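Trainee: What would the 3D arrangement of this be:
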Amino acid sequence: MKSRLQQAVHSEPIPPHLEMRVRAALREPAARPFWYAPAWGVAAAAAVLLIGFFSLRRAENRTMATITQQFSSLMTVGLTDHLHCTMLRKQRAEPAPLETMKSELGPQYASLLPAVQAHVPANYRVLDAHLCKAQGRSFVHFVLNYTDRYLSVVVTERKPGEEFSTEKLVPSLAQAGILYYQQSSGNFQVAGFESAQHLVYVISDLGPEQNRQVMLAMAGDLKQALPVL
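Mentor: A predicted model of the protein is given here:
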């Protein structure tokens, strides 16, 4: 997926005249005032970087749209954050310090960290925990990994009318009063459940049953640790 994203970015053309202006600015003779050439050079270089940034964002949005179109809108909520924050971003090599993760989560959501840590699947580790935003929505995001494989535990506040059942999703399992929902497409598995005020997801490239088992293991402790808003 990263290679597809890179190809999409490289396919975005940069206006030829802009490249010429950058090159010309770098070749300006010394007779110019000392501030002239650097100013034009910096401005043109900044413009190139800005175009590259927006090209990257467009390519990223196209990639996410291609992947998420196979999922219901509520399943897409969690998957979007996984794609945006885990799969399309360079991850740290080693786990963040525990105190750093607690600080990143803040007092409202720090209690979710032990609930995740207690049920990490075999060979995986909690790599990072933080608050983030994707597509204009706020998330609590736990990133787990094993070598180059990643699993996300994602929590977000429910908006009015958001219920898995309204999207004609049939629960894949009910346990301890919690209804679990699941969808998959390609390499992505998404399992989710809802509390009174939150939507909770586990997203990975594990098999469907393995991904659901991770959700089942964490769900009880996560639901208990979710704050009342």
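Trainee: Break the protein into its domains for me.
Mentor: Following automatic domain parsing, the chain resolves into domains at 2-67, 72-225.
Trainee: would you turn those domains into a markdown table with mean neighbour count and mean pLDDT?
Mentor: All C-beta spots, glycine's among them, are computed from the backbone N, C-alpha and C. Converted to a markdown table, the domains of the chain look like this (neighbours: other Cβ atoms under 10 Å; pLDDT from 0 to 100):
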| stretch | mean neighbour count | mean pLDDT |
| --- | --- | --- |
| domain 2-67 | 13 | 51 |
| domain 72-225 | 17 | 94 |
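Trainee: what about stretch 136-155, start to end distance?
Mentor: One end of stretch 136-155 to the other measures 15 Å (Cα to Cα, to the nearest Å).
Trainee: Residues touching stretch 177-195, excluding its own?
Mentor: 67, 70-72, 74-75, 78-79, 82, 158, 162-165, 169-174, 199-208, 210-212, 214-216, 219-220, 223, 226 (Cβ atoms under 8 Å, 6 or more residues apart in numbering).
Trainee: and if we set it to 7 Å?
Mentor: With contact meaning Cβ atoms under 7 Å, 6 or more residues apart in numbering, stretch 177-195 is reached by 67, 70-72, 75, 78-79, 158, 163-164, 169, 171-173, 199-206, 208, 211-212, 215, 219, 223, 226.
Trainee: Convert the C-alpha atoms of it to PDB, please.
Mentor: Taking C-alpha atoms only, stretch 177-195 is exported to PDB below (Å, rounded to 0.1, in the frame of the first residue of the first chain):
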ATOM      1  CA  GLY A 177     -23.900  -8.200  27.100                       C
ATOM      2  CA  ILE A 178     -21.700  -6.800  24.400                       C
ATOM      3  CA  LEU A 179     -22.600  -7.200  20.700                       C
ATOM      4  CA  TYR A 180     -19.600  -7.500  18.400                       C
ATOM      5  CA  TYR A 181     -19.600  -6.600  14.700                       C
ATOM      6  CA  GLN A 182     -17.100  -7.600  12.100                       C
ATOM      7  CA  GLN A 183     -16.200  -6.800   8.400                       C
ATOM      8  CA  SER A 184     -13.300  -7.600   6.300                       C
ATOM      9  CA  SER A 185     -11.900  -6.800   2.800                       C
ATOM     10  CA  GLY A 186      -8.500  -7.800   1.400                       C
ATOM     11  CA  ASN A 187      -5.900  -7.700   4.100                       C
ATOM     12  CA  PHE A 188      -8.000  -5.700   6.600                       C
ATOM     13  CA  GLN A 189     -10.100  -7.100   9.400                       C
ATOM     14  CA  VAL A 190     -12.300  -4.700  11.400                       C
ATOM     15  CA  ALA A 191     -14.100  -5.800  14.600                       C
ATOM     16  CA  GLY A 192     -16.100  -3.300  16.600                       C
ATOM     17  CA  PHE A 193     -18.500  -2.700  19.400                       C
ATOM     18  CA  GLU A 194     -20.400   0.300  20.900                       C
ATOM     19  CA  SER A 195     -20.800   1.500  24.400                       C
END
